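Colleague: fold the following and give me the result.
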Amino acid sequence: MNLNLNSTQSTRYLQVYDYYKEMITSGRLPENTKMPSIRRCASQLGLSRTTIETAYLCLAADGYIISRPQSGYYVTKRNIKNNSAVSSHHADKNKENKIKYNFTSNNVDAESFDFNLWRRYIKSALRQDKRLLTYGEPQGEYELRETICNYVINKRNAVCQPENIVIGAGSQSLLNILCPLIRERKEVCFHDSQFAQGIVIFEDYGFNITNNPEKADILYMTPSHMTSLGDVMSVEKRLSLLSECVSHNRLIIEDDYNNEFRYFSKPRPCLQGLAGGENVVYLSTFSKLLLPSIRLSFMILPDELLPLYEKKKMLYNQTASKSEQLALCQFLRDGHLDSQIRKLKRLYSNKDKALISELEQAFGESANVYMGESVSMVYLQVKSAFTNEELQQRAKQNGILVFASPTETPGYANIALSCCEVPVEEFHNAALLLKEVVEI
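Modeller: This is a model prediction of the structure:
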């Protein structure tokens, strides 16, 4: 529930009453939580102290809060919804604990990263005492932006300068910067409707989410990872998309997630580069290549958005750690990212082959198993009366998380498995358990 003081449906004190009642019964204000003082609450909401005091007295009369002399008001034990919420939370947690093999995880393999190497760069960054005494640049450290600029020009055929690049701690923080810059646009279409973290940002800024790209004036695209299975948009389709968006004045937000991980083809040029840097906002991250906990992402703004961003950027604090930015800058300059990509491809290629071997042994001739275009992804097409989604759900009920393929084949169920998180030594038991699920 939101506190909307502009509403005319009830008086102000009742709106405040309903707001805190909902906060308490939903468990967001737990037992013994101290309520804001009447003076502070009145100041924050821009209401009179009498209005707040009346709302508090009503809450106290109904048993939601209690007054403690010389201390203030506190939430009581009357938390009806919270008990069920807690039970639901524990039930969900127990369900999560039953998952034995997660073949949908975006986490990385424990052997995928050289922690000792990264520690050296972090220690080197921490020795830059004077720089660490100041706040980071709102747009990101200039030398890192310069290094990233060279990287995306050489590797992704991007068109940009360091001034076009904005650093942030993850895509969500960057979208929070982008949305106010494109407020004049109203409709946004996400190619991947499962990207809830991005959708919620646009909803919070008042954008309308549509499933029809022809109605949208913003398209959020992941051309290097079109589906959860890693399908890639061809160059021909990219050019066609760009042409259509220019003719209809649509802005493209290109999330270049996972562009480095291809088995059978070289990475295609990014939409931003094919468009000459115009009418495309480019997003990418280093989390998948390094560690998910290293929240360093970047955004390339087209020149037409730079003047507005320049006016606003000093209002935003930098969300990414300055020490990690300095460490990553030198890490990239020393060429370790290319070697890291090669290492990951070898690691996940070997894991893919091991998983394929175990699945072939478990299913025999009743299934087709093959490697996907995306590194770390294995496809399983098995003879079954279940649909893809039904097999996915049955696997989950038995402790295995898998992807349901969008492709339907009569008489077969199609699923995909990411080998990233599950250790190789667990593949054998996981394959046998999945075979049992299919035969149930």
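
Colleague: residue 196 - how many residues pack around it?
Modeller: The number of residues packed near residue 196 is 11, by other Cβ atoms under 10 Å. From N, CA and C alone the C-beta is placed, and that goes for glycine too.

Colleague: got it, and residue 139?
Modeller: Count around residue 139 with other Cβ under 10 Å applied: 23.

Colleague: next one, pLDDT for it please.
Modeller: pLDDT recorded at residue 139 is 94.

Colleague: and the helix ranked longest in the chain, what's buried?
Modeller: Taking DSSP state H as the criterion, the chain has its longest helix at helix 336-363. Buried residues in helix 336-363, counting neighbours by 16 or more other Cβ atoms under 10 Å, are found at 336-337, 340, 344-345, 347-348, 351-352, 354-356, 358-359, 362-363.

Colleague: stretch 126-141 now?
Modeller: Buried, per 16+ other Cβ under 10 Å, within stretch 126-141: 136, 138, 139, 140, 141.

Colleague: quick one: which helix or strand includes the third one?
Modeller: What that stands for is residue 139. Residue 139 is part of no helix or strand, with elements assigned from DSSP states H and E.

Colleague: so what's residue 179 up against?
Modeller: For residue 179, the contact set (Cβ atoms under 8 Å, 6 or more residues apart in numbering) comprises 201, 202, 205, 207.

Colleague: if you could redo that for residue 252, that was the one I meant.
Modeller: Applying Cβ under 8 Å, 6+ apart, we find residue 252 in contact with 218, 219, 221, 241, 242, 245, 271, 275, 279, 280, 281.

Colleague: from residue 213, how far out is it?
Modeller: 11 Å (Cβ to Cβ, to the nearest Å).

Colleague: any residues in contact with both of these two?
Modeller: Common neighbours of residue 252 and residue 213, counting by Cβ under 8 Å, 6+ apart, are residue 219.

Colleague: buried subset of the contacts of residue 179 as a ChimeraX selection?
Modeller: A single ChimeraX command is used to select the members of the contacts of residue 179 judged buried by 16+ other Cβ under 10 Å:
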select :201,202,207
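
Colleague: before we move on, back to that, among the contacts of residue 252, name the ones in helices.
Modeller: Checking these against DSSP H, those in helices are 241, 242, 245, 271.

Colleague: the second one contacts residue 277, doesn't it?
Modeller: No. Counting by Cβ atoms under 8 Å, residue 242 does not reach residue 277; the two are 11.8 Å apart.

Colleague: hmm, residue 362 and residue 432 touching each other?
Modeller: Yes. Contact criterion Cβ under 8 Å: residue 432 and residue 362 qualify, at 5.5 Å.

Colleague: would residue 370 count as being in a helix?
Modeller: No. Counting by DSSP: H, G, I helix; E, B strand; the rest coil, residue 370 falls outside a helix, being strand.

Colleague: what comes into contact with the helix or strand encompassing residue 433?
Modeller: Element membership for residue 433, per DSSP H and E: helix 427-439. With Cβ under 8 Å, 6+ apart as the test, helix 427-439 has contacts from 100-101, 103, 354-355, 358-359, 361-363, 380, 382, 384, 386, 391, 394-395, 398-400, 402, 413, 419, 422.
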